[in-house]
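*Asks:* Let me see the structure of the following:
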Amino acid sequence: MNQSRSEVNHQQIAWRRDQVLDLSSKGLTEREIANTLSISQPTIH
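*Replies:* Take a look at the predicted model:
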């Protein structure tokens, strides 16, 4: 079963959101989380 591009993007966003929450709960700053996930800091905020 093929997933649409929209479904894949939604899954990627959900994964990234989970990662941000996990790293944040471990005390990392937004800057550290952004660097760890290779995304921009405004994406996290």
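*Asks:* Please enumerate the helices of this protein.
*Replies:* For the chain, applying DSSP state H gives helices covering 5-25, 30-37, 41-44.
*Asks:* Enumerate the positions of the shortest one that are buried.
*Replies:* Burial within helix 41-44, assessed by neighbour count using 16 or more other C-beta atoms under 10 Å, is assigned to Ile44. (Each C-beta comes from the backbone N, C-alpha and C, glycine too.)
*Asks:* which residues sit against it?
*Replies:* 16, 20, 30-31, 33-34 (C-beta atoms under 8 Å, 6 or more residues apart in numbering).
*Asks:* hmm, back to that, now the helices of the chain as JSON lines including mean pLDDT?
*Replies:* As requested, these are exported to JSON lines (pLDDT from 0 to 100):
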{"stretch": "helix 5-25", "mean pLDDT": "95"}
{"stretch": "helix 30-37", "mean pLDDT": "97"}
{"stretch": "helix 41-44", "mean pLDDT": "90"}
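*Asks:* contacting residues around the residue nearest to the spatial centre of the chain?
*Replies:* With the centre of the chain defined as its mean C-alpha position, the nearest residue by C-alpha atoms, centre = their mean is Arg16, 2.1 Å away. Arg16 sits next to 37, 39, 43 when contact means C-beta under 8 Å, 6+ apart.
*Asks:* okay, now the second one: neighbour count?
*Replies:* With neighbours defined by other C-beta atoms under 10 Å, the count for Ile39 comes to 14.
*Asks:* gap between it and Asn9?
*Replies:* Distance of Ile39 to Asn9, computed by C-beta to C-beta, to the nearest Å: 14 Å.
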